[in-house]
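Visitor: have a look; sequence and predicted model below, questions after that.
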Amino acid sequence: KAGVTQTPRYLIKTRGQQVTLSCSPISGHRSVSWYQQTPGQGLQFLFEYFSETQRNKGNFPGRFSGRQFSNSRSEMNVSTLELGDSALYLCASSLAQDRDEQYFGPGTRLTVT
Amino acid sequence: KNEVEQSPQNLTAQEGEFITINCSYSVGISALHWLQQHPGGGIVSLFMLSSGKKKHGRLIATINIQEKHSSLHITASHPRDSAVYICAVYLLTSGSRLTFGEGTQLTVNP
């Protein structure tokens, strides 16, 4: 069974631009969570989607948004990029919504210049 | 104070040594993940546990829910075990959202 995939793997953007990252979960997994990892803040939860509904959201500004499609694939969008948005963005999928084991993708490394 | 605390932050060992990484949390949880992250970023889930002990190869994880403490042990450590080990918990108050420790950087020298 294929693992969690994320595209693109690397991305360079300029301040003020917007970016969309994609995550394809393991087949059969219905829950997708997004995380941001930076050297200063470590790993932080962004949001979680289950059956196309956002079920949980972290403490990030409204510039960070996401969605999930009927095939469980998920996208996250960051608008009006800031230098501090440079980070590794990870998604993870799990079978069920609630407290199931999560399987992580390889991440998208975003650099904002 | 972080809800999840790991110790030590950095650990250097010689090949073959027995290694222990600790994780303490301050509030009630329903389950705990031990994660491994290699340079380059990919994260692998090593264990998810809510009670007792689990073993996989040279790795052993234990948890004591009453004492709010978990340990990850590596027996017969090897240079390929060098990675960051991260403890992550499902807080009872946060549903399916993981809360992470700061990680332990492990270096195993040959």
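Guide: Yep, it's here.

Visitor: so which bits of chain B are right by chain A?
Guide: Contact residues of chain B with respect to chain A, defined by Cβ under 8 Å from any Cβ of the partner chain, are listed as B:30-31, B:33, B:35, B:41-45, B:48, B:86, B:88, B:90, B:94-100, B:102-103. To be clear about C-beta, it is placed using only N, CA and C from the backbone, and glycine gets the same treatment.

Visitor: just the buried members of these?
Guide: Neighbour counting with 16 or more other Cβ atoms under 10 Å in any protein chain shown marks B:31, B:33, B:35, B:41-43, B:45, B:48, B:86, B:88, B:90, B:94, B:96-100, B:102-103 as buried within the residues of chain B next to chain A.

Visitor: ok now the lowest-mean-pLDDT helix or strand in chain A, how far from the chain's centre?
Guide: Taking mean pLDDT, DSSP states H and E as the measure, chain A has strand A:53-57 as its least confident helix or strand, at a mean of 91. For strand A:53-57, the distance from its own C-alpha centre to the chain's C-alpha centre is 12 Å (Cα atoms, centre = their mean, to the nearest Å).

Visitor: following that strand, which helix or strand comes up?
Guide: Proceeding C-terminally, strand A:53-57 gives way to strand A:64-68 as the next helix or strand, assigned by DSSP states H and E.

Visitor: can you give me the angle that following strand makes with strand A:53-57?
Guide: Computed by axes from the mean of the first three to the mean of the last three Cα atoms, to 10 degrees, the angle separating strand A:64-68 from strand A:53-57 equals 140 degrees.

Visitor: strand A:64-68: which residues count as buried?
Guide: Buried residues in strand A:64-68, defined by neighbour count with 16+ other Cβ under 10 Å: A:64-66, A:68.

Visitor: can you pull out the strands in the chain?
Guide: Defaulting to chain A. For chain A, strands defined by DSSP state E occupy the ranges A:5-7, A:10-13, A:19-24, A:31-38, A:42-50, A:53-57, A:64-68, A:74-78, A:87-94, A:103-104, A:108-112.

Visitor: actually it's chain B I care about, not the one you picked
Guide: Applying DSSP E to chain B gives strands spanning B:4-7, B:10-14, B:19-25, B:29-37, B:43-49, B:52-56, B:59-64, B:69-74, B:83-91, B:98-100, B:104-109.

Visitor: those into a markdown table, with extra columns for mean pLDDT?
Guide: Formatted as a markdown table, the entries for the strands of chain B read as follows, by pLDDT from 0 to 100:
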| stretch | mean pLDDT |
| --- | --- |
| strand B:4-7 | 95 |
| strand B:10-14 | 97 |
| strand B:19-25 | 97 |
| strand B:29-37 | 94 |
| strand B:43-49 | 93 |
| strand B:52-56 | 96 |
| strand B:59-64 | 97 |
| strand B:69-74 | 98 |
| strand B:83-91 | 95 |
| strand B:98-100 | 93 |
| strand B:104-109 | 97 |
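
Visitor: lovely, talk soon.
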